[in-house]
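Trainee: Just to be clear, the model below is a prediction. Sequence and coordinates:
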Amino acid sequence: MSDPVKVLVVDDHAMFRSGVRAELEREGDGVVHVVGEAADVDQAVAAIAATPPDVVLLDVHLPGGGGVEVMRRAPGPRFLALSVSDAAEDVIGTIRGGARGYVTKTITGPELVAAIRRVADGDAVFSPRLAGFVLDAFAAAIDVASVDEDLDRLTEREREVMRLIARGYSYKEVAKELYISIKTVETHMSSVLRKLQLSSRHELTRWASDRRLL
């Protein structure tokens, strides 16, 4: 059995955080493990640095700049938005900011545990109605010709590295997956960022997500 998914709960309502923690402990015993809580952007960034979680359950509207600001300042874990809002602009803005999924607070405990596990495994998870917002938005925003042009700059191996890194794999995990050395992964990653004119793996994740390459 795999190790439990380490989860950080970020929401500005203490009672809601306590309820989510209790639900996850009851429904996710041995599957998920809550490693901490945070009530605003600064607390969330500090908690992610102090006890790196696998998945951050992230409210969209937070003191200090919102969920998108957390993702901007603390890239690394996978983010699953858990919000009362089902507004299209919140969904799209959060996904563009780097979240791997978006579910509403009407979700049940077992459904939330399953969503966390799926996000930890690299899947994208959305409440059914919200998935339509994402598909419509990205279908309208993507220029297929420009995607092909960008990818043409990369070698086949660079594309493989790019996709894995953009999905949240560590350099060590990429090296194991592709049977190459960590140093080689670093070299390919540097080349990918240079060719795509990006400055970080967070930007790369957003770039690949915008182009439906994940």
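Mentor: Yes, it's here. Numbering: from 1, shown residues only.
Trainee: Report the next helix or strand after the worst-scoring helix or strand of the chain on mean pLDDT in sequence order.
Mentor: Scoring the helices and strands of the chain by mean pLDDT, DSSP states H and E places helix 144-152 at the bottom, with a mean of 60. For helix 144-152, the succeeding helix or strand toward the C-terminus, using DSSP states H and E, is helix 156-166.
Trainee: What are the contacting residues of the very next helix or strand once past that following helix?
Mentor: Next along the chain after helix 156-166, taking DSSP H and E as the criterion, comes helix 171-178. Contact with helix 171-178 is made by 157, 160-161, 164-165, 169, 180-182, 184-186, 189, as judged by C-beta atoms under 8 Å, 6 or more residues apart in numbering. The way it works is simple: take the backbone N, C-alpha and C, and place the C-beta from them, glycine included.
Trainee: and whatever helix or strand comes next after helix 171-178, what does it pack onto?
Mentor: Counting by DSSP H and E, the element after helix 171-178 in chain order, helix or strand, is helix 182-196. Contact partners of helix 182-196 among helices and strands, from 3 or more C-beta pairs under 8 Å, 6 or more residues apart in numbering; DSSP states H and E: helix 156-166, helix 171-178, helix 201-210.
Trainee: With mean neighbour count and distance to residue 34 as extra columns, can I get those helices in TSV?
Mentor: Formatted as TSV, the helices and strands packed on helix 182-196 follow (neighbours: other C-beta atoms under 10 Å; distance: least, C-beta to C-beta, whole Å):
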stretch	mean neighbour count	distance to residue 34
helix 156-166	19	27
helix 171-178	16	24
helix 201-210	19	24
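Trainee: export those to JSON lines and tack on mean pLDDT and distance to residue 31?
Mentor: Shown next, in JSON lines, are those (pLDDT from 0 to 100; distance: least, C-beta to C-beta, whole Å):
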{"stretch": "helix 156-166", "mean pLDDT": "86", "distance to residue 31": "24"}
{"stretch": "helix 171-178", "mean pLDDT": "89", "distance to residue 31": "21"}
{"stretch": "helix 201-210", "mean pLDDT": "85", "distance to residue 31": "25"}
